[in-house]
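# this is the structure alone, sequence omitted:
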């Protein structure tokens, strides 16, 4: 059995197309008309981190303040990628755990979309 190296960021430090594709599938589970409302951000956080470790309201406020949102403060896919860009730069293992929580088998994550 060949071993696949999971690569989340490319050589320039940008999210790989494989990770972006996985994140797009996750984003679309929560997005309505291509946007995540505050309630959908909260639900994604609970599903990803568990009820006890879900984002606080202050943390959601920070996401809305610093990440890409529309005029109604709904998170865009670009903003969702920004969250994962920062997280992956600081703790790639956390991103891998998030992907697992959303049903991605890490052994074949980067071959299933090719």
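All right, it came through fine. Remember, it's a predicted structure, so these values are computed and weren't measured experimentally. Numbering: from 1, shown residues only.

# neighbours of residue 105, how many?
Number of residues near residue 105 (other C-beta atoms under 10 Å) recorded here: 9. The C-beta positions use only the backbone N, C-alpha and C, and glycine is treated the same way.

# that one belongs to a helix?
No - Residue 105 is assigned coil when assessed by DSSP: H, G, I helix; E, B strand; the rest coil, not a helix.

# once you drop chain neighbours, what's closest to residue 9?
Using C-beta to C-beta, 6 or more residues apart in numbering and skipping the chain neighbours, the partner closest in space to residue 9 is residue 88 (5.9 Å).

# check which helix or strand that neighbour maps to.
helix 77-90 (DSSP states H and E).

# ok, and for that helix, which residues are buried?
Using 16 or more other C-beta atoms under 10 Å as the test for burial, helix 77-90 gives 77, 79-85, 88.

# what's the mean pLDDT across the helix or strand that comes right after that helix?
Downstream of helix 77-90, the first helix or strand assigned by DSSP H and E is helix 92-101. Averaging pLDDT along helix 92-101 yields 92.

# all helices of the chain, in order?
With DSSP state H as the criterion, the chain has helices at 17-30, 38-49, 57-66, 77-90, 92-101.

# of the ones you listed, which is nearest residue 7?
Closest to residue 7 of these, according to C-beta to C-beta: helix 17-30, at 7.6 Å.

# can you give me the buried ones in the closest one?
Within helix 17-30, the residues that count as buried by 16+ other C-beta under 10 Å are 18-20, 22-23, 26-27, 30.

# same deal with stretch 42-49?
By neighbour count with 16+ other C-beta under 10 Å, stretch 42-49 contains the buried residues 42, 44-45, 47-48.

# against which helices or strands is the helix or strand of the chain with the lowest mean pLDDT packed?
Ranked by mean pLDDT, DSSP states H and E, the weakest helix or strand in the chain is helix 92-101, scoring a mean of 92. Packing partners of helix 92-101 (3 or more C-beta pairs under 8 Å, 6 or more residues apart in numbering; DSSP states H and E): helix 17-30, helix 38-49, helix 77-90.

# try it again at 6 Å.
helix 77-90 (3 or more C-beta pairs under 6 Å, 6 or more residues apart in numbering; DSSP states H and E).
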